[in-house]
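J.: Test case, fold it:
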Amino acid sequence: MAVSVNKNALRLVDKAIEKREELRIEVEAGPLGCTIVDVGVKASGGYAAGRLVTEICLGGYGAALTTSMEYGDLILPSIFVETDFPAIATLGSQFAGWSIKARDYFAMGSGPARALSKKPKEMYELIQYEDHYDSAVIVLEAESFPTEEAVSTIASECEISPTNLYVIVAPTSSIVGSIQISGRIVETGIHKLSQVGLDPKLISHGCGYAPIAPIHPKGTRAMGRTNDALYYGGVAFYTASLENDDQLRDIVLRSPSCTASMYGKPFYDIFKAAEFDFYRIDPNLFAPAVISVNNARTGTTFKAGKINVEVLKQTMAIVDT
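T.: All right, here's what the predicted structure looks like:
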């Protein structure tokens with residue numbers, strides 16, 4: 001089976017364009033003839049659009065469902081995500097691994113276009129995946145539409161015509177932005193597992209859920225809430241195949257966010273203390289609150305981590321009345 005995350009995701013983009021009114025999104029021609037899909041800059045977006053954008057980020061090789069879940073004494077809107085192509089759909093597509101930098105414009109890029117540009121290259125070498133397609137779909141976490149220079153850069157790195165580029169723009173402070181970030185729960189766990197020694201190609205299935213953070217009008221505060229939704233409320237479950245249970249036990253033990261030295265404070269406070277420099281934050285924090293991995297060879301499932309309700313209440317400004 002030839003897996004093309006861009007070809008598969010483009011079917012979902014076409015669906016979004018066709019159903020733009022009911023999704024409460026807007027579509028317009030962008031710089032150099034690209035197509036801009038606005039899901040939260042001027043458009044209001046919504047839950048349906050958030051689910052669809054999450055699936056687009058996964059290259060069409062995953063499914064998203066919005067629901068509600070209990071977190072201690074809280075009941076919060078949540079997103080459940082599943083994929084049977086975990087390494088490709090998450091690390092090969094969904095991972096926000098492309099910093100789009102241009103004069104007067106910056107955005108974090110995720111989604112299928114990364115598989116054409118190989119951003120970052122070492123991640124594609126790790127999962128042994130590459131995509132070949134004449135169109136590209138990129139999701140930008142940004143407050144504004146990309147400039148001509150940014151579009152030119154993206155198209156050039158993907159080796160496609162700008163007219164074949166589809167750019168989805170979702171601000172962190174929008175409902176779609178909040179949903180699609182919580183929808184990264186499976187990806188966040190796979191990335192952390194790979195960082196502590198598990199070959200992501202050994203993972204055959206992945207699923208998970210996380211609370212959808214309430215909207216905050218300020219971007220940095222919204223970023224704090226959306227990160228906390230994953231690190232303090234996110235739960236991920238994987239199926240993998242390893243010969244050594246002891247090795248898997250050690251990997252899972254070192255995987256959840258609570259292993260970080262900075263764990264226990266809202267992400268905004270941690271980020272501010274680090275002078276808004278991601279590289280000064282303990283990378284162990286970037287993980288789900290709870291991780292479980294089932295070893296399909298032995299039948300054993302290892303679980304580590306915990307949900308931190310108090311931080312969720314604090315970061316989301318939830319007031320009991």
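
J.: Contact partners for the residue nearest to Val3 when sequence neighbours are not counted?
T.: Leaving aside its chain neighbours, Val3 sits nearest to Ile88 (5.8 Å; criterion: CB to CB, 6 or more residues apart in numbering). Every residue, glycine included, has its C-beta placed from N, CA and C. Applying CB atoms under 8 Å, 6 or more residues apart in numbering, we find Ile88 in contact with 3, 5, 59, 61, 127, 129.

J.: again with Val311
T.: 228, 232, 264-266.

J.: just so I have it, where are all the strands in this structure?
T.: 26-29, 35-38, 63-71, 74-83, 98-102, 105-110, 136-141, 165-169, 203-211, 235-240, 290-295, 301-305 (DSSP state E).

J.: List the neighbouring strands of the first one plus their orientation.
T.: In this case it means strand 26-29. Strand 26-29 pairs in its sheet with strand 35-38 (antiparallel), by DSSP bridges.

J.: So which bits of the strand it pairs with are buried?
T.: Buried positions in strand 35-38, judged by neighbour count with 16 or more other CB atoms under 10 Å: 35-38.

J.: likewise stretch 129-147?
T.: Buried residues in stretch 129-147 (16+ other CB under 10 Å): 129, 131, 133, 135-143, 145-147.

J.: ok, now stretch 309-319?
T.: 309, 311-313, 315-316.

J.: Ok, stretch 16-28 next?
T.: Quick answer for stretch 16-28 (16+ other CB under 10 Å): 16, 20, 23-27.

J.: ok, back up a step: going by distance to Phe278, which of the buried residues of stretch 309-319 wins?
T.: If you rank the buried residues of stretch 309-319 by distance to Phe278 using CB to CB, Thr315 comes first, at 17.7 Å.

J.: hang on, isn't that closest one packed against Lys265?
T.: No. Between Thr315 and Lys265 there is no contact under CB atoms under 8 Å: 9.1 Å.

J.: Touching both of those two, which residues are there?
T.: With CB under 8 Å, 6+ apart as the test, Thr315 and Lys265 reach no residue in common.
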